[in-house]
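A.B. asks: predicted model and sequence follow; I will ask about them next.
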Amino acid sequence: MKKSIYIVLGGLLTLGFVGCEPEFDTPVTDEGFYSSGDADLSNYVAVGNSLTAGFADGALYITGQENSYPNIMAQQFALAGGSETFTQPLMADNLGGLLLNGTQVAPNRFVLAADPMTGEPLGPVILEGTPTTEVTTSATGPFNNMGVPGAKSFHLVTPGYGALNPYYGRFATGASATVIADAASLSPSFFSLWIGNNDILSYATAGGAGVDQTGNLDPSTYGPNDITDPNVFAAVYSEQVAALNASASGGVLVNIPDVTSIPFFTTVPSQSIPLDAATAAAVNAQFTLYNTQVLPGLVGVGVISAEEAAARQINFSAGVNFPIMVDDDLTDISMILQGPPFNLPASIAGLLGQLRQATNDDLVVLTASSELGSLADPNDPNSVVGVAVPLGDEFVLTTVEQERVATATAAYNGTIRALAAANGLGFVDARAALAQVADGGVSYDGGLLTSEFVTGGAFSLDGVHPTPRGYAYTANLIIDKINQTYNATIPNVNIGNYGTITLANNVSN
C-alpha cells in the first residue's frame with residue numbers, strides 16, 4: 001500500500017492551528033512617537049521571489065499575500081511616517097491556482113485536513129475548487145511588492161521574463177520588461193532585496209537532480225534545477241542593488257538560509273523502512289551475490305574503489321532501516337553488469353547501476369514520503385520502493401550534493417554581505433535567524449516558533465515557505481535591522497497574533 005506523508009507524520013499532526021487576522025502590538029498612533037530616522041519610507045519597494053510575494057502552502061493566494069513580510073513591514077512603516085499605501089498584485093482568490101485561457105496550469109494550495117467524524121488528522125491536502133486567477137488578465141499596477149515566485153537572481157534582469165513566468169507576466173509593464181527595471185522605475189525611497197534562494201533551492205528540492213553550473217557564465221544554458229554560478233550571481237546582484245539604490249535613501253539586503261533549516265529536508269527521516277527479522281533476512285538473501293561477488297569483483301578489475309564498494313553494501317535488519325536509493329555520484333555499473341562475467345538482465349543491472357543505502361547524513365526530501373513503501377509496480381507486491389526498488393535520486397539530497405549547495409550559498413552570501421557594507425545598506429542574516437528557529441526555536445510572547453513540520457508554527461504546508469507567523473518573524477528581523485542601521489524606531493509586530501496552518505474547513509474563496 002502506498003504510504004503518504006500524512007501516515008509517516010501522523011504523530012506530528014495536531015489540530016488547532018487555525019489562521020487568524022493579524023493584530024499589531026498595542027498600536028501607538030500619537031504623531032511623532034515612532035520615527036523612520038534617516039530612512040525615507042514614503043515609497044517602499046520590495047524585490048525578490050516567492051518569499052517576498054507571500055507564497056505559502058505551495059501556492060500564491062490572497063491571504064498569504066496580505067501576510068507577506070513586505071506588507072507587514074509597510075503597515076509598521078505607516079506608524080513611523082511611511083506611506084499608508086502598499087500595493088501588491090493580488091490573486092483573485094484564496095485557492096491559489098492559476099488558469100491559462102481557462103485551463104488550470106498551477107495547483108491550488110495545501111490545507112490541513114481532518115476526519116470530520118473523528119477529528120483524526122489526515123494531513124495536508126490540495127484545497128478543492130476551481131481557481132479564478134487568469135494569468136492572461138493583467139493586474140493593474142504599479143506595485144510596491146515586486147516578489148516573483150520562481151525567480152532566480154538572473155531572472156530579475158532577463159528581458160521578457162514575463163513570458164516565462166506567469167506571476168510576473170500578470171504585472172510586467174511590457175513584453176520586454178525586466179523585474180528590476182520595473183522596480184527601479186518606481187523610484188523607491190527605500191527598498192528590500194531578497195533573491196538567490198532559488199539559485200540553489202530548486203537543485204536541492206529536486207534532490208540534486210540538476211547541474212552545478214559553477215564555471216558556466218551563461219545562464220541562458222542553465223536547466224531549471226541547476227545551481228547558478230557564483231560569479232553570475234555576483235554580477236546580476238550588484239546590478240540590482242545599484243538600480244534600486246539609485247533613488248533610495250537606503251535599503252536592506254537579506255541573505256540565503258541553509259536548506260537544513262527548513263522542514264522540506266528535515267521531516268522525513270533517512271531511516272524509515274520498518275522490517276521484521278524474517279523479511280530482512282529474505283531481502284538480504286536477494287543481495288548476497290551483489291555484496292559478496294559483484295562488488296569485490298568490480299574492485300578487483302579497477303572499476304570501483306574499495307571505499308565505494310563498502311558504501312554500496314546492502315544490509316537490512318529487524319527494525320527501522322535505511323532505504324536503498326540511487327546516487328548519481330556513484331560509478332554507473334549498469335552496462336558492465338550486463339556483460340560477462342555477470343550477464344545480468346538489463347532491468348536488474350539498471351537497478352544496481354548506482355545503488356546504495358541511505359545514511360544518516362543524507363537528507364530525504366518531504367515529497368519522498370509518498371514514495372517510500374509504495375509499490376513501483378502495483379501488480380507486484382515485491383516491488384516495494386526503498387526495499388526492492390531504489391528510491392529515486394530526486395528524493396534524496398546526498399552529502400556530496402549538500403556540499404555543492406553549501407558552497408554556492410556561502411559564495412552568494414559573501415556577495416550580499418559585501419554589497420551591503422559597500423553601499424551602507426542594512427544586512428539581515430536570515431541564515432543565522434532560521435538556523436536558530438530550527439535549533440530549539442525562537443521564543444515569543446505566548447509561545448515558541450520552531451521549524452517542526454505542521455506543529456512548529458514557522459513553516460507552511462509546503463515545508464519551504466513561511467506561515468503568516470513565520471513572515472511576521474521575518475518582518476521583525478528586517479525592521480530591527482532598519483532601526484539599527486537608520487536610527488529609526490519602527491515598532492515590531494507581535495508574531496503570536498499571526499496564524500499558522502489553515503484547516504480545510506476554515507477557508508473562504
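C.D. replies: Okay, I see it.
A.B. asks: which outside residues touch stretch 391-410?
C.D. replies: Residues outside stretch 391-410 that contact it (Cβ atoms under 8 Å, 6 or more residues apart in numbering): 199-200, 203-204, 206-209, 212, 214, 227-228, 230, 256, 258-260, 265, 323-329, 354, 358-359, 361-365, 367-368, 371-372, 385, 431. From N, CA and C alone the C-beta is placed, and that goes for glycine too.
A.B. asks: kindly recompute the last result at 6 Å.
C.D. replies: With contact meaning Cβ atoms under 6 Å, 6 or more residues apart in numbering, stretch 391-410 is reached by 200, 204, 206-209, 212, 227, 256, 259, 323, 325-329, 361-365, 368, 385.
A.B. asks: now do stretch 75-92
C.D. replies: Here stretch 75-92 makes contact (Cβ under 6 Å, 6+ apart) with 34-36, 41-42, 44, 60-62, 65, 71, 74, 132-133, 139, 143-145, 170-171, 490-491.
A.B. asks: surely L434 meets S261?
C.D. replies: Yes. At 4.1 Å, L434 counts as touching S261 under the criterion of Cβ atoms under 6 Å.
A.B. asks: now do the strands in the stretch 51-200 of the chain.
C.D. replies: 98-100, 103-106, 110-114, 121-126, 145-147, 190-194 (DSSP state E, counting those that start in this stretch).
A.B. asks: check which helices and strands the longest one sits against.
C.D. replies: Going back to what we said before, that points to strand 121-126. strand 110-114 (3 or more Cβ pairs under 6 Å, 6 or more residues apart in numbering; DSSP states H and E).
A.B. asks: select only the buried ones of the contacts of stretch 75-92 in ChimeraX?
C.D. replies: Of the contacts of stretch 75-92, the buried ones go into a single ChimeraX selection, burial set by 16 or more other Cβ atoms under 10 Å:
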select :34,35,36,41,44,60,61,62,65,71,74,133,139,143,144,145,170,171,490,491
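A.B. asks: now, the contacts of stretch 75-92 that are in helices?
C.D. replies: The helices, defined by DSSP state H, take in 62, 65, 71, 74 from the contacts of stretch 75-92.
A.B. asks: and the furthest pair within these?
C.D. replies: I62 and A74 (16.3 Å; Cβ to Cβ).
A.B. asks: among the contacts of stretch 391-410, name the ones in helices.
C.D. replies: 200, 204.
A.B. asks: what about the closest residue to D328 other than its chain neighbours, how many neighbours?
C.D. replies: Excluding the flanking residues, the one nearest D328 by Cβ to Cβ, 6 or more residues apart in numbering is D393, at 4.9 Å. Number of residues near D393 (other Cβ atoms under 10 Å) recorded here: 19.
A.B. asks: what do you get for A388?
C.D. replies: 18.
A.B. asks: got the phi/psi numbers for it?
C.D. replies: Main-chain dihedrals, A388, degrees, to the nearest 10: phi -110, psi -20.
A.B. asks: next: V389.
C.D. replies: Torsion angles, degrees, to the nearest 10, at V389: phi -120, psi 130.
A.B. asks: follow-up on the earlier one: anything in contact with each of L434 and S261?
C.D. replies: Common neighbours of L434 and S261, using Cβ under 6 Å, 6+ apart, do not exist here.
A.B. asks: what about the two, which has more around it?
C.D. replies: L434 (25 against 22).
A.B. asks: show me what contacts that one?
C.D. replies: By Cβ under 6 Å, 6+ apart, the neighbours of L434 are 257, 261.
A.B. asks: in stretch 400-409, what counts as buried?
C.D. replies: Using 16+ other Cβ under 10 Å as the test for burial, stretch 400-409 gives 401-402, 404-405, 408-409.
A.B. asks: now I479: closest residue in space, sequence neighbours ignored.
C.D. replies: Excluding the flanking residues, the one nearest I479 by Cβ to Cβ, 6+ apart is I490, at 5.1 Å.
A.B. asks: let me redo that: Y167
C.D. replies: Using Cβ to Cβ, 6+ apart and skipping residues adjacent in sequence, the residue nearest Y167 is P149, 4.9 Å away.
A.B. asks: about what we covered before: winner for burial among the strands of the stretch 51-200 of the chain?
C.D. replies: Mean neighbours per residue, mean count of other Cβ atoms under 10 Å, is largest over the strands of the stretch 51-200 of the chain for strand 145-147, with a mean of 28.
A.B. asks: sheet partners, orientation included, of that strand?
C.D. replies: The pairing partners recorded for strand 145-147 under DSSP bridges are strand 44-48 (parallel).
A.B. asks: what separates the partner strand from the chain centre, distance-wise?
C.D. replies: Strand 44-48 sits 20 Å away from the centroid of its parent chain (Cα atoms, centre = their mean, to the nearest Å).
A.B. asks: quick one: contacts of that strand?
C.D. replies: Contacts for strand 44-48 (Cβ under 6 Å, 6+ apart): 52, 70, 74, 77, 144-147, 183, 186, 188, 190-195.
A.B. asks: now swap in stretch 459-472 and tell me
C.D. replies: 55-58, 67, 69, 72, 110, 124, 262-264, 366, 453, 457-458, 493, 495, 498-500.
A.B. asks: sec struct for E401, please.
C.D. replies: The local conformation at E401, judged by DSSP: H, G, I helix; E, B strand; the rest coil, is helix.
A.B. asks: same check, this time on G251
C.D. replies: strand.
A.B. asks: leaving out the residues flanking it, which one is nearest to it?
C.D. replies: Going by Cβ to Cβ, 6+ apart, G251 has F191 as its nearest residue, at 4.1 Å.
A.B. asks: same question, L201
C.D. replies: In space, L201 is closest to V259, 6.9 Å off (Cβ to Cβ, 6+ apart).
A.B. asks: you'd agree the one you found is up against A204?
C.D. replies: Yes. At 4.6 Å, V259 and A204 qualify as touching, with contact defined as Cβ under 6 Å.
A.B. asks: please identify which of these two sits among more neighbours.
C.D. replies: Taking other Cβ under 10 Å, V259 and A204 do not tie; A204 has more neighbours (27 against 24).
A.B. asks: contacts only, for the more buried one.
C.D. replies: When contacts are counted by Cβ under 6 Å, 6+ apart, A204 touches 259, 397, 405.
A.B. asks: so which of the residues you listed belong to strands?
C.D. replies: Those of the contacts of A204 mapping onto strands are L397, per DSSP state E.
A.B. asks: closest one of the contacts of A204 to S317?
C.D. replies: Using Cβ to Cβ, those come closest to S317 at L397, 24.9 Å.
A.B. asks: for D362, see how far away that closest one is.
C.D. replies: From L397 across to D362, the span is 7 Å (Cβ to Cβ, to the nearest Å).
A.B. asks: out of these two, which sits in the busier spot?
C.D. replies: When L397 and D362 are compared for neighbours, L397 comes out ahead with 26 against 23, by other Cβ under 10 Å.
A.B. asks: that older thread, ok, of the contacts of stretch 391-410, which come out buried?
C.D. replies: 200, 204, 206-209, 212, 227, 256, 259, 323, 325-328, 362-365, 368, 385.
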